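1. let me see the structure of the following:
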Amino acid sequence: MAEYTRPGVTADVALFAGVDSDLSLLLVRRGSDPYAGMLALPGGFAEEGESLDQTAMRELQEEAGVSASELRQVGTYSDPKRDPRGWVISTCFLSRIDSPAEATAADDAQEATWLPVAELLQRIAEAEGTGTRELAFDHDTIVRDAVRRLGCDCA
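-> Next up, the predicted model:
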C-alpha cells in the first residue's frame, strides 16, 4: 500500500445542549492557522491506533473540557480542498446533552463557547449570501447537516 497517497484523518464534534426552541452548539475559537481566530467545531487529527470515535471524544475533552456520553455520526467530509493544509478527510459526530456544560478552552483552542443554534444558522446564511463563511473549514455545511441529522426545529 506504500504506493498510495494517504490523507490526514480528523474527527469533529457537534455537541448540542438544550431543547429545540433553546438549543445551543459548542464551538471553539481556533488558536492557530489555518483559520486562527475563527470559530469551529471541536475536533482534530486522529492519533495512531485511535478510532474516530475515540478521536472525537479526546478532542472534545482536550479543546473544550467537555465530555459526551454517546456519539452518532453525522457524515464524512472529503472535499480535497476543505483544508488548506492538504488532503484531510473528517468524520463529524453529534451528541446532545440536557444543558450547556461549563466549557474551558485548552490545547489549540483560544475560547470555548456555546452559541444559540438559531442565531448561528442565521449567521451562516448571511455569510453564505456574501460569499464568505462564518465557521472555519467547511464547518458551516457540517453544522447544517448536524442540525438536520438531529431532527430539531431550532431555526
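2. for the rest of this, base every contact and every neighbour count on C-alpha atoms.
-> OK.
3. find the nearest non-adjacent residue to the residue nearest the centre of the chain, please.
-> Nearest to the centroid of the C-alpha atoms of the chain, with distances taken as Cα atoms, centre = their mean, sits Leu41, at 2.4 Å. Counting by Cα to Cα, 6 or more residues apart in numbering, Leu41 lies nearest to Leu27, which is 5.0 Å off, once chain neighbours are set aside.
4. and the helix or strand containing that neighbour, what other elements does it pack with?
-> Under the assignment given by DSSP states H and E, the secondary-structure element containing Leu27 is strand 24-30. The criterion is 3 or more Cα pairs under 8 Å, 6 or more residues apart in numbering; DSSP states H and E, and the helices and strands that strand 24-30 contacts are strand 8-17, strand 39-40, strand 109-116.
5. again, only this time at 10 Å
-> Contacts defined by 3 or more Cα pairs under 10 Å, 6 or more residues apart in numbering; DSSP states H and E place strand 24-30 against strand 8-17, strand 39-40, helix 52-64, strand 88-97, strand 109-116, helix 117-129.
6. and the next helix or strand past the last one?
-> Using DSSP H and E, the helix or strand that directly follows helix 117-129 along the chain is helix 139-150.
7. Val143 reaches Leu121, doesn't it?
-> Yes. With contact defined as Cα atoms under 10 Å, Val143 counts as touching Leu121 (8.2 Å).
8. more neighbours: which of the two?
-> Set Val143 next to Leu121 and count neighbours by other Cα atoms under 10 Å: Val143 wins out with 24 against 18.
9. once you drop chain neighbours, what's closest to that one?
-> Counting by Cα to Cα, 6+ apart, Ala14 is the residue found nearest to Val143 once chain neighbours are left out, at 7.1 Å.
10. residues contacting the one you found?
-> Shown in contact with Ala14 (Cα atoms under 10 Å, 6 or more residues apart in numbering): 25-27, 40-43, 56, 60, 71-74, 92-96, 139, 142-143, 145-147, 150.
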